[in-house]
Structures are given as C-alpha cells and as structure tokens.
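sequence plus predicted model, see below.
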Amino acid sequence: MNEISRRSMLVAGGTLGALCLASPAGAKSLWSWSPSGSLAGSGAGTDPHWVWDDEADPLLASVIDRGDVPRVNQALRTWTRNDQPVPSGMPADVRDFIEHARQLPSWADQRKLDAAAQFNRTKGIYVGVLYGLGSGLMSTAIPKEARAVYYSKGGADMKDRVAKTAKLGYDVGDLDAYQPQGEMIVTAVKTRMVHAAVRHLLPQSPGWSGNNGGQTIPISLADMLVTWHSLPTFVMRKMLEWGVRISPSDSAAYLHVWQVTAHMLGIRDEYIPATWAAANEQSRQLLDPALGPTREGVALANDLLDIVAEVDGGLTRPMISAFSRYTVGDRVGNWIGLSREPFWEALIGAAWPKLVAFREHLIPLPLIPESAWTLEEVIRRFVLLFFAEGRRISIEIPDMNRPS
C-alpha cells in the first residue's frame, strides 16, 4: 500500500494536514473577503489562493539551485536572538533579505505585545493544550497542509517537524517574544524562508505532484491564512466556548501578537484581519471548507500521537485521543483517525468544564471531582512538554523533499 502505513490507513481511511486548502469534495469557494476588514484597510482584493511570497520565493529558489543551502544553514544555526546581527558568512542576497524581513511592521504596538505575553502566561494551560492537542491535530485534517508536510523533507522525521512547530508556538507566547532578547523574529524569518524553499522543492516531488489536489505551487497565502486561523482564531473561539474569562484588552493583545506574526511570516497586511469579527468571517471562508480527510493526514496524525505518548509515559494514547477529540470535535476526529475512548471521553466531558470553571473562579472547590485534578496534572505536563520541546530545535532550510 505504498509508503503510507497500512495501520494508519485502517484507522480511518485518511487524514492529517499541515499547510493546505481543499474541501472534502475538493471544491473551493470564491474569494469574497473584503480587504476593508484587514489591517491595511484596503487592497486589490486578489484571491490569496494565487498569491505567494514575491520576496522570499525567488531568493530561496536561487539559494537551492546554486547549492548554497549548507552555507546558509551553517550561518543560521548561530542566529537565535532578535537582537543579533545577521551572521557573517551569509550570502549577500540572503543577508539583505533577512535585514529587511526582520523589521517589525510600523503598526506593531509593544504595549500590546507585552500584554499578550502576560496573557499567554496566565492562560498558558488553555493556550498550550489548544495549540498541541487542538490546532496541531486539526492541521492534519487540512489536506493541502497534510500533503505539503508529508511529502516535504520534514515529513520523513515527524519528531523534528513537531519540535519545529512547537518552537513557533513557544516563541510567540514567550514573555520576550518580540523583545531584543527574544527569539520570535528569528523564528518567523527562518520559517518564512523554509516555506519559500518548500514552494520551490515540492513541485519536483512525484509523490506531491500526484496528490496535490490541483495545486501547482504549495503554501499560497490562502494556505498560510488557513493555518493562521487554525491557531489564534481557533484557540480564542475554544477558550470562549470553554468559559475562559478574557478581558477586551487581553483579547485585543492576543490578536495583535498573531497579527504581527502573520506579517513577519510574509502574509500581506491586506489579508491580515483587523478584528476578531473580521478574523472569524475570514476563517469561515478559508478554514472551514479547507478541512477534510487524506491518507497522508491519517499517517501524520498517528505519528504525532505516537510522539506525544512516547516522550511522556503519563500521556497515554487513549487520553490524548480523547482530549483531542473533545477539542476538535467528532467530524475532524474521525477524519484523522482518532480512536474512540469511552472512558476518557466521559471523564473529560464531565471534568474539564468544571476544572475550567474553578480556575476561572466561577464555581467553588467542593464541586470539583477528584478526577479533574488527575486530568489537570496530565494536561499540565503536556503543556510543559510541548513548550519545552519547542526551544531545542534549529529551524533550517531544506534542500530536498521526503525521500521516496
């Protein structure tokens, strides 16, 4: 049954994702989101499905074709803090790109970025678990993303791929994220360069070319926006559904840090939502129809669940599957092959809402069942694990696709 494992295929017949856009029926809605709802407030209204990164793409194609990837990666390994100069030994065109790409947008508000850092700290247990067991698993149900990840170099080493994804999640929520001593600018610029490299490489992959859903170049700005909505838009919506108390200023700050991150990843300001209302409207047009099953997605989801269970024996596969299903819902859970776990599903469905209510000072301690504390400890360990894993990885430019 080709390179995708029989076990993964039997689990659910297909899904997992990480950077794509295609509905279950393969249809694509017409782009109608108005740029008046963006940070720019105006724009050409061009469908982002046909827009990529005009600055990074030709540069990385040149770097790959002329054999400069090892030289660039060697230099990039020493660049870790926002305030560090571009490493010496970098090709002149790459150095010039990084100097430009590392500049924060003029509209970045450091007070809001600081407030977002504090918000991520106080609400870290929710944000962390939603990034890891919500957004992370949901990404495997985004067909274009799943295929892009599976057939790229990172798909051959999912532990490394997960660690790189975790690093972005960690860095964007770090107290020093966009401060001179932080790392988020570096992480965003490196990630932008990786995306450009994958755009150049993946069309050369027979595996991807035969399973690309009609897409000729991967990771369009629409695909990036789909992934963006699977993170902050999804996380904010779930926290509100769970009854997490969030002040208007904290809500605005959390949106702002992700707006800045979108810009730093190469998304044009005319596509970045200015408000949560605009974000939810765009998400309904982009993310909702992008979800669906793929065989690559099932394989990737299975790898992700194995990795999480492997690194901490207390995070059992059944519990992880049950909490992920609780977070992403049955439809997505079925698409990505999450097992049904009646015991854990019942426990989580009963205990988690009460635990959230207690943490948000909405109900008193006597109403919390003992099982809730066990669940909280497991989730707390996962969040610490997720964020710790993110700091030990070096994001590097690929020079090949997944080996066949």
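On my side now, so go ahead.

tell me the contacts of M264?
M264 makes contact with 101, 104, 184-185, 188-189, 192, according to Cβ atoms under 8 Å, 6 or more residues apart in numbering. Every C-beta, even on glycine, is put in place using the N, C-alpha and C of the backbone.

and those residues, which is closest to Q259?
Set against Q259, the nearest of the contacts of M264 by Cβ to Cβ is L104 (11.2 Å).

so the closest one touches V257, yeah?
No: with contact defined as Cβ atoms under 8 Å, L104 does not reach V257; the gap is 11.5 Å.

need the overlap of contacts for these two.
Listed contacts common to L104 and V257 are Y178; contacts here mean Cβ under 8 Å, 6+ apart.

please say which of the two ends up with more neighbours.
V257 (25 against 15; other Cβ atoms under 10 Å).

what strand or helix carries that one?
V257 belongs to helix 248-264 when assigned by DSSP states H and E.

so A156 makes contact with P398?
No: between A156 and P398 there is no contact under Cβ under 8 Å: 10.4 Å.

so for those two, which residue has more residues nearby?
Each of A156 and P398 has its neighbours counted (other Cβ under 10 Å); P398 has more, 19 against 15.

what's the separation between that one and P143?
Plainly put, P398 is 21 Å away from P143 if you go by Cβ to Cβ, to the nearest Å.

residues contacting E270?
Applying Cβ under 8 Å, 6+ apart, the residues contacting E270 are 35, 38-40, 42-44.

now with 6 Å?
By Cβ atoms under 6 Å, 6 or more residues apart in numbering, the contact set of E270 is 35, 38, 40, 43.

could you check how far the second one is from E345?
It refers to S38. 40 Å.

below-threshold pLDDT in the stretch 51-200 of the chain: ranges please.
Scanning the stretch 51-200 of the chain with the threshold set as pLDDT under 70 gives 158-159, 161-166.

just the helices from the stretch 301-404 of the chain, written as ranges.
317-328, 330-335, 342-359, 370-389 (DSSP state H, counting those that start in this stretch).

just the CA atoms of the second one, as PDB, please.
It stands for helix 330-335. This file holds the C-alpha atoms of helix 330-335, laid out as PDB (Å, rounded to 0.1, in the frame of the first residue of the first chain):
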ATOM      1  CA  ASP A 330     -16.000  14.200  16.200                       C
ATOM      2  CA  ARG A 331     -16.000  15.100  12.500                       C
ATOM      3  CA  VAL A 332     -12.300  16.100  12.500                       C
ATOM      4  CA  GLY A 333     -11.500  13.300  14.900                       C
ATOM      5  CA  ASN A 334     -13.000  10.700  12.600                       C
ATOM      6  CA  TRP A 335     -11.100  12.200   9.600                       C
END
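
if we can go back for a sec, most neighbours, which of the contacts of E270?
Neighbour max across the contacts of E270 (other Cβ under 10 Å) = S38, 21 neighbours.

burial count for D269?
By the criterion of other Cβ under 10 Å, D269 has 18 neighbours.

wait, what's in contact with it?
39-40.

give me the local confidence score for it.
We have a pLDDT of 98 for D269.

try G349
At G349, pLDDT is 92.

from Y271, how far out is it?
37 Å.

more neighbours, these two?
Each of G349 and Y271 has its neighbours counted (other Cβ under 10 Å); Y271 has more, 25 against 11.
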